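S.K.: Need a 3D model of the following:
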Amino acid sequence: MEEFVNVVSSVNDKVNGFVWVKIGLWLLILTGIIMSCITGFFQVTHIGHWMKKTVGGVFHKSAHNKNEQGSVSQFQALCTALAATIGTGNIAGVAAAIVIGGPGAVFWMWVAAFFGMMTNYSENILGIFFRRKNKDGEWSGGPMYYLQDGLGGKDKPKAFQVIGKVLAILFSICAFLAAFGIGNMGQINKITINVQSAFFSKVNVPPILGIIPTIPFCIGIFIMIIGATIIIGGVKRIAAVAEKVVPFMAILYVIGALVIICYHFKSVGPAFLSIFKFAFGAKAIAGGTVGAMFKLAITQGCKRGVFSNEAGLGSSVMVHSNSDVKEPVKQGLWGIFEVFADTFVVCSMTALVVLTSGYIDLETGNFMEELALANNVSDANLVAKAFGGVFGPAGEMFIAVAIFLFAFTTVLGWSHYGSKAVEYLLNEKAVIVYRFIFVLFMVVGALATSSLAWDISDTFNGFMMIPNLIGVLSLAPLVYKLTRNYTDRKIKGKTDVEPMLSFDPDIQKEHAEKVAEGAE
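M.R.: Below you'll find the model as predicted:
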């Protein structure tokens, strides 16, 4: 069995290297740059507009209305997407990037996020433009639909129709598999390890039947019961929970991080200097950046970027498409804010906590291994130890709770992504079976000890990303038209421009008439 696992691991490593290094990362960077250019760097030139329409409109009624059957509010869609994106990668992932790549890795994380904002924007407006209602009256959208109806539209040559359909199926299969791996078992495993370490480290309970670890099993059962009550209720219940939990956990974590940063305020200046000082140095190359010569760097940095904010992965589009919004670009604005909140806010707070913790030499950029070894610190628990250094044992418990909330809501978000993949591949009835199996696998995740499932999920993420980015790039002209149409009407105030709201002519006509009548 061990030999078989080694073979599978070896094959996966080779496939992973090809998918990510040879194809995926270049495609990811290229897409972000192209989408930024064709939209006139919308994330900068219209920063006031998208901030006003997203975070500035959180308390506006239109951001929260839930009048349309089968949809969720724009804010709920954002929270559900953030539930899946704000996860363990924002804590352990950022720490690992700095330990491997030095402080300069943070700079390249920002660069990747800057371009990723427009990749996510483009995905979301395409998701809204090509979505459709299923038999249950619920919106269904995502890369599979804009691959099938956009890249492989009926007006396209037969070869493009076949390519679009094949890529849509490939994306859906990989999304389904990744949902069980990185979206379920991997997250539950992280929860179990941290909860057991923080609260049950001194508890010694005999294994069930002599083979099943009792505490991980009990944690898994507990999580499964909570998860089942939410997930089986579908996207509306998931969104309702995400709307309450995500802002609370993100704000609480940021406040805790700010307290630590203020406590180490003398190190804040040197920390920022080190980020820029080492951005192009050897440590930055080792940890992940952007550029042809940064082979290992680009792999580390962009992977963590995708895991953190999911820009380019195409996953969050599946919940953004459930929004009750009619205007594609309006949901695209929330996509920009999603990457901004995830990376520029949460990840940056984590980075400053790590850099001011005393375990990173800000003069050399090196991880202080001897000090870390003496205090039992690694990249996996570095943030927890930093919180513990200020708040004591309560700080480490706080991070355990934060990881629980971050990882659990990630599971909720990915459960919806997997359900949409199943719906596309099979039908709505199959989704019910999928949800039951999904919650059962939570117990498996709690008992898992091997990292192979996580590594394979990493590969599936790459396989998801490639067809999605092909779809986004092929539809770049449409993204340009939709953006220009929106800016002409909503920003420049032109009244003689008809709205572009859907690829379906009937829906487009219906929406245009309602807009003209002032009904929407």
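S.K.: rest of the way, CA atoms for contacts and neighbours
M.R.: OK.
S.K.: Residue 317 versus the closest residue to residue 328 other than its chain neighbours, what's the distance?
M.R.: Closest residue in space to residue 328, ignoring its immediate chain neighbours: residue 125 at 4.4 Å, by C-alpha to C-alpha, 6 or more residues apart in numbering. Residue 125 sits 9 Å away from residue 317, taking C-alpha to C-alpha, to the nearest Å as the criterion.
S.K.: before we move on, back to that, what is the burial count for the residue nearest to residue 328?
M.R.: Other residues within reach of residue 125, judged by other C-alpha atoms under 10 Å, total 28.
S.K.: Which of the helices or strands spans it?
M.R.: Taking DSSP states H and E as the criterion, the element that holds residue 125 is helix 104-130.
S.K.: after that helix, next one along is what?
M.R.: Taking DSSP H and E, what comes next after helix 104-130 is strand 132-133.
S.K.: in its sheet, what does that following strand sit against?
M.R.: Applying DSSP bridges, strand 132-133 is found paired with strand 139-140 (antiparallel).
S.K.: that older thread, pretty sure the residue nearest to residue 328 sits against residue 480.
M.R.: No: applying C-alpha atoms under 8 Å as the test, residue 125 and residue 480 come out as separate, 10.7 Å apart.
S.K.: Okay, now the unreliable bits of the stretch 401-520 of the chain?
M.R.: 449-454, 457, 504-520 (pLDDT under 70).
S.K.: quick one, helices of it?
M.R.: 428-447, 452-474, 476-486, 505-517 (DSSP state H, counting those that start in this stretch).
S.K.: Quick check: buried residues in the third one?
M.R.: Judged by neighbour count using 16 or more other C-alpha atoms under 10 Å, the buried positions of helix 476-486 are 476, 478-480, 482-486.
S.K.: re earlier: and the helix holding residue 125, how far from the chain's centre?
M.R.: 11 Å (C-alpha atoms, centre = their mean, to the nearest Å).
S.K.: give me the element residue 250 is part of.
M.R.: Assigned by DSSP H and E, residue 250 falls within helix 235-263.
S.K.: Give me the mean pLDDT for that helix.
M.R.: On average, the pLDDT along helix 235-263 is 84.
S.K.: For that helix, which helices and strands make contact with it?
M.R.: Helices and strands touching helix 235-263, by 3 or more C-alpha pairs under 8 Å, 6 or more residues apart in numbering; DSSP states H and E, are helix 74-85, helix 214-231, helix 348-355, helix 382-391, helix 393-425.
S.K.: following that helix, which helix or strand shows up next?
M.R.: Immediately after helix 235-263, counting by DSSP H and E, sits helix 265-277.
S.K.: Between helix 348-355 and that following helix, find me the angle.
M.R.: 110 degrees (axes from the mean of the first three to the mean of the last three C-alpha atoms, to 10 degrees).
S.K.: then helix 265-277 to PDB, C-alphas only?
M.R.: What follows is helix 265-277, C-alpha atoms only, in PDB (Å, rounded to 0.1, in the frame of the first residue of the first chain):
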ATOM      1  CA  PHE A 265       4.700  49.200  16.600                       C
ATOM      2  CA  LYS A 266       8.400  49.800  16.600                       C
ATOM      3  CA  SER A 267       8.800  46.900  14.200                       C
ATOM      4  CA  VAL A 268       6.100  48.100  11.700                       C
ATOM      5  CA  GLY A 269       8.300  50.500   9.800                       C
ATOM      6  CA  PRO A 270      11.200  48.000   9.400                       C
ATOM      7  CA  ALA A 271       8.600  45.300   8.500                       C
ATOM      8  CA  PHE A 272       7.400  47.400   5.600                       C
ATOM      9  CA  LEU A 273      10.900  48.300   4.500                       C
ATOM     10  CA  SER A 274      11.800  44.600   4.500                       C
ATOM     11  CA  ILE A 275       8.900  43.800   2.200                       C
ATOM     12  CA  PHE A 276      10.200  46.100  -0.500                       C
ATOM     13  CA  LYS A 277      13.900  45.500   0.300                       C
END
